[in-house]
Every structure is written in structure tokens, then in C-alpha cells.
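> What shape does this take:
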Amino acid sequence: MEFKDSVLQFSSRVEKLCSQIQTEEATKNTLIMHFIQLPGYDMFNPFEVSPEFVADLGIKKEEKVNYAIIKDGQAIMLIEL
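Okay, here's the model as predicted:
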């Protein structure tokens with residue numbers, strides 16, 4: 001399946017599930033983890049995806065974000081709910 005088709009399928013899934021998602025944990029488990037896997041990142045490989053990542057950016061010193069996508073040892077994308 002092409003990436004575009006995967007995104008469209010995911011979008012359809014989101015529309016169906018949103019009314020049942022009530023908590024941050026449910027959002028992470030139902031939507032965010034799947035979203036991270038769409039482009040091929042391995043949710044269970046800490047060299048690719050780091051949960052509870054300490055993001056020392058700007059005024060957010062020592063604060064954690066839900067996930068960071070890692071490439072070559074550097075965070076390239078931060079995800080915070």
C-alpha cells in the first residue's frame with residue numbers, strides 16, 4: 001500500500017474512533033502510535049522513537065514531550081499532546 005493510501009485509511013479510522021477517545025493515554029495508544037508508524041518508524045526502537053523525551057528547547061528546559069522521532073541520535077520531530 002502506498003503512503004498516500006495509508007494516510008487516507010488512517011484518516012478514515014480517526015473519524016470513526018474520535019468519539020470514543022476520552023483520555024491522553026487512549027489518544028496515544030489509539031492514534032499517535034499508529035500515526036508514528038505510518039511513515040515507517042518503529043515505535044519499539046528507542047533509536048527511532050523516544051517516549052517521554054526531555055526537550056531542552058527555548059523556555060521548555062528539562063520538560064518532557066510525549067514522543068520524539070530520532071534520526072542519527074538527534075530529535076527531528078517532537079510530539080506533545
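> How far off centre is the longest strand anywhere in the chain?
Using DSSP state E to define each element, the chain has its longest strand at strand 60-71. Relative to the centre of its chain, strand 60-71 is centred 11 Å away, using Cα atoms, centre = their mean, to the nearest Å.
> and if you look at stretch 26-34?
8 Å.
> what residues does it touch?
10, 13-14, 17, 20-21, 43, 66-67, 79, 81 (Cβ atoms under 8 Å, 6 or more residues apart in numbering). For glycine as for every other residue, the C-beta is placed from the backbone atoms N, C-alpha and C.
> can you check stretch 64-77 too?
Residues contacting stretch 64-77 (Cβ under 8 Å, 6+ apart): 28, 32, 36, 41, 46-55, 78-81.
> Show me where the protein has its helices.
Taking DSSP state H, the helices of the chain run over residues 3-17, 24-27, 33-37.
> Could you point out which of the ones you listed sits nearest residue 61?
helix 24-27 (22.4 Å; Cβ to Cβ).
> hmm, back to that, can you put the helices of the chain in a markdown table and add mean pLDDT?
Shown next, in a markdown table, are the helices of the chain (pLDDT from 0 to 100):
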| stretch | mean pLDDT |
| --- | --- |
| helix 3-17 | 91 |
| helix 24-27 | 94 |
| helix 33-37 | 94 |
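> Quick check: buried residues in stretch 43-51?
Buried residues in stretch 43-51, counting neighbours by 16 or more other Cβ atoms under 10 Å, are found at 49-50.
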